[in-house]
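**Q** Have a look at this prediction, sequence included:
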Amino acid sequence: MDYKFAKVNKESFITTIEVNNAPANALSSACIAELRTLFKELASDEETRVIILTGAGRFFVAGADIKEFVSALGDEEKGLAMAEAGQALCNEIEALNKPVIAAINGPALGGGLELAMGCHFRIASEGAILGLPELQLGLIPTFGGTQRLSKITNTATALHLILSSKQLNAQEAVQIGLIQLVVPQEELLQNARAIALALVEGKSMTSVTSAVECIMQGFNENMNEGLERERRKFAELFLTEDAKEGIQAFIEKRKPNFTHR
């Protein structure tokens with residue numbers, strides 16, 4: 001399928017998505033809708049085991065399309081629809097059972113940082129800038145930023161960054177746990193691919209998807225709910241061919257030959 005706002009590359013079992021909405025890869029309503037469709041397709045694509053999300057050109061995603069905000073002034077329903085669409089995209093990425101890595105190649109501001117926070121891993125180039133500047137527009141982050149930032153860091157840090165509209169460089173973002181790794185610009189995608197391979201190579205996708213589900217769903221649940229899901233998923237895996245193969249391979253001291261079933 002051809003996409004207007006994204007470049008898609010599939011190599012082996014890694015699918016790379018480049019948000020491509022020049023000049024700054026802004027998340028317009030049409031771009032958000034297309035990305036939601038794309039991620040839904042990849043969720044059921046057996047050839048895709050890991051997804052890398054990055055930006056085309058100098059930007060990761062500079063934020064929402066501010067020009068669309070003008071039409072929502074004085075219209076609460078339009079504002080609500082914008083918020084619901086952006087939250088849905090980030091929620092759907094977070095809920096995906098395949099690992100999603102944000103490779104932040106440039107400015108990730110507002111909705112762009114919220115998009116990255118919906119991903120499971122975040123690495124950035126040395127020149128990346130991250131921040132939630134919405135209060136400077138008389139607004140607040142609304143694609144999940146007020147919730148995810150406090151969970152990824154802590155309440156005080158989220159309050160400081162959002163209320164001050166402070167923009168962080170990549171090293172500062174690592175120090176507060178917002179991103180996991182900083183690399184030179186020219187090595188960003190290479191490192192993202194290496195991480196992607198490490199996450200799934202030699203492993204059964206039945207266990208990978210179960211682990212991702214337990215961790216990410218547990219992120220928004222209490223301990224008892226998370227433990228109940230963990231028990232259930234663990235027991236279900238004993239019915240899979242891959243569990244039989246993995247255990248037998250361990251006993252026989254050989255590499256398993258997983259069929260992802």
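**A** Alright, I've got the coordinates.

**Q** Please make it C-alpha for all contacts and neighbour counts, starting now.
**A** Noted.

**Q** show me where the stretch 1-150 of the chain has helices.
**A** 29-43, 66-72, 76-95, 111-118, 145-152 (DSSP state H, counting those that start in this stretch).

**Q** tell me what the helix or strand of the chain with the lowest mean pLDDT is packed against?
**A** Ranking every helix and strand in the chain by mean pLDDT, DSSP states H and E puts helix 66-72 at the bottom, with a mean of 89. Here helix 66-72 touches helix 76-95, going by 3 or more Cα pairs under 8 Å, 6 or more residues apart in numbering; DSSP states H and E.

**Q** what angle do the helix it packs on and helix 145-152 make?
**A** Going by axes from the mean of the first three to the mean of the last three Cα atoms, to 10 degrees, helix 76-95 is angled at 30 degrees with respect to helix 145-152.

**Q** Helix 76-95: how far from the chain's middle?
**A** 15 Å (Cα atoms, centre = their mean, to the nearest Å).

**Q** in it, what's buried?
**A** Across helix 76-95, burial judged by 16 or more other Cα atoms under 10 Å covers 79, 82, 85-95.

**Q** before we move on, what about stretch 43-61?
**A** Under the neighbour-count criterion of 16+ other Cα under 10 Å, stretch 43-61 has 43, 48-61 buried.

**Q** All the strands of the stretch 151-261 of the chain, residue numbers only.
**A** Assigned by DSSP state E, counting those that start in this stretch, the stretch 151-261 of the chain shows strands spanning 167-169, 181-183.

**Q** Just name the most buried of the ones you listed.
**A** strand 181-183 (a mean of 21; mean count of other Cα atoms under 10 Å).

**Q** Now do that one, average pLDDT.
**A** Averaged over strand 181-183, pLDDT sits at 98.

**Q** One more: stretch 193-207?
**A** Rounded mean pLDDT across stretch 193-207 is 94.

**Q** re earlier: save the strands of the stretch 151-261 of the chain as JSON lines, and put in distance to residue 23 too.
**A** Output for the strands of the stretch 151-261 of the chain, formatted as JSON lines (distance: least, Cα to Cα, whole Å):
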{"stretch": "strand 167-169", "distance to residue 23": "20"}
{"stretch": "strand 181-183", "distance to residue 23": "24"}
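
**Q** of all those, which lies closest to residue 99?
**A** strand 181-183 (16.2 Å; Cα to Cα).

**Q** who does the closest one pair up with?
**A** strand 121-125 (parallel) (DSSP bridges).

**Q** and the angle for the partner strand with helix 111-118?
**A** Going by the same axes, to 10 degrees, strand 121-125 makes 130 degrees with helix 111-118.

**Q** Restrict strand 121-125 to CA atoms and write it as PDB.
**A** Taking C-alpha atoms only, strand 121-125 is exported to PDB below (Å, rounded to 0.1, in the frame of the first residue of the first chain):
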ATOM      1  CA  PHE A 121      11.900   2.000  23.500                       C
ATOM      2  CA  ARG A 122      13.400   5.400  22.700                       C
ATOM      3  CA  ILE A 123      16.900   6.200  21.400                       C
ATOM      4  CA  ALA A 124      18.000   9.500  20.100                       C
ATOM      5  CA  SER A 125      20.700  11.200  18.000                       C
END
